[in-house]
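Q: 3D model of this:
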Amino acid sequence: MKKKVAIIMGGYSSEYKISLKSGNVVHSYLDKSQFDSYRIHIFKDKWVYVDEDETEFEVNKHDFSISPKGQKITFDCVFNAIHGTPGEDGLLQAYFELLKIPQTSCNYYQAALTFSKRDLLSVLKPYGIKSAPSYYLNMGDEIDVNAIVAKVGLPCFVKANKAGSSFGISKVYEKEALQTAIDLAYQEDNEIIIEAFLEGTEVSVGVIKYKGETKVLPITEIVTDNDFFDYEAKYEGKSQEITPARISSEQAKKVSEIAKHAYEVLKMNGFSRSEFIFVNDEPYMLEMNTTPGLTTESILPQQAKIAGISLTELFGNAIMEVLPKNP
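A: All right, here's what the predicted structure looks like:
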């Protein structure tokens, strides 16, 4: 019997348009002989099932069911394609755990932890995973520009602590520009991380659960036409994403081991995509994404393709990994 899969997409953050693209790709590539998939749009003002005619039917939040044409449908699994809150920060993971509905991303604690760049890097530091020198700010804190520059130097990056797709991020060259960058980051989150600029090769490493094993995918090198890998570079063609990355075999081995170690230390499930910068052959972690982009142009699907894994296989495997083995 085919499994009923709810593909959740949208979300409450600036990333909702990208999430809708990801969710629609999953819907179109899932094996129709194995799965009946349903597109579920989750927004602040509505949770709805959207059928093939773009007709909307309300989702019953009590049990996450839908009743199009009066027929109640419940789901065997949820495929999480929401970037940002509430799909990447643990809120929906906890909700589905309470309802006992399997879902394809990591568990709620890991989602909340990795969604906070500050918390993630702090937890991984004792395991020998390096990151850039950083300075933390919370909204309402006094801003001591001289203390920030003394800690991280210039240029530096000002980032919203809990935001993705390069929203709320600025590269700052002069201390006079710090306040404007901080104000921009606060538009996305009430917590900020300010990091030293690391000059080197940027790479992205995908790690997934595949056929019961932790699998590191081929590494992608990020070469941006812009000053850094910002929204325009990510989504508007102002970058090259080269897979496999043009790095030495020693570098590839080291960063693959670190990405896998981080995934296993955190007891992750599902997809992850971690970003690193090499400085003198040493990888420094920037962040980990637990619901990375899943469009045909996105980095993780590119990596899977190089590894010989089709999108149909990639998405189907994610579902099979979390379904009960002896239903």
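Q: which residue ranges of this protein form helices?
A: For the chain, applying DSSP state H gives helices covering 16-29, 91-99, 108-115, 117-124, 145-152, 178-186, 231-235, 249-265, 299-306, 311-322.
Q: for the ones you listed, give me CSV that also has distance to Ser67 and mean neighbour count.
A: To be clear about C-beta, it is placed using only N, CA and C from the backbone, and glycine gets the same treatment. CSV is the format used below for the helices of the chain (distance: least, C-beta to C-beta, whole Å; neighbours: other C-beta atoms under 10 Å):
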stretch, distance to Ser67, mean neighbour count
helix 16-29, 20, 21
helix 91-99, 16, 18
helix 108-115, 27, 21
helix 117-124, 39, 19
helix 145-152, 54, 14
helix 178-186, 42, 18
helix 231-235, 36, 18
helix 249-265, 38, 17
helix 299-306, 33, 22
helix 311-322, 23, 20
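Q: now render those helices as CSV, adding distance to Ala81 and mean pLDDT.
A: Shown next, in CSV, are the helices of the chain (distance: least, C-beta to C-beta, whole Å; pLDDT from 0 to 100):
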stretch, distance to Ala81, mean pLDDT
helix 16-29, 4, 96
helix 91-99, 11, 98
helix 108-115, 14, 97
helix 117-124, 21, 97
helix 145-152, 34, 97
helix 178-186, 26, 95
helix 231-235, 16, 47
helix 249-265, 20, 98
helix 299-306, 12, 97
helix 311-322, 10, 98
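Q: nearest to Asp51, of the ones you listed?
A: helix 16-29 (11.3 Å; C-beta to C-beta).
Q: tell me what the closest one is packed against?
A: strand 3-10, strand 35-43, helix 311-322 (3 or more C-beta pairs under 8 Å, 6 or more residues apart in numbering; DSSP states H and E).
Q: hmm, back to that, could you dump the helices of the chain to a markdown table with distance to Pro133?
A: Formatted as a markdown table, those follow (distance: least, C-beta to C-beta, whole Å):
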| stretch | distance to Pro133 |
| --- | --- |
| helix 16-29 | 30 |
| helix 91-99 | 31 |
| helix 108-115 | 21 |
| helix 117-124 | 11 |
| helix 145-152 | 5 |
| helix 178-186 | 16 |
| helix 231-235 | 24 |
| helix 249-265 | 19 |
| helix 299-306 | 26 |
| helix 311-322 | 36 |
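Q: which of these sits closest to Gly84?
A: helix 16-29 (7.4 Å).
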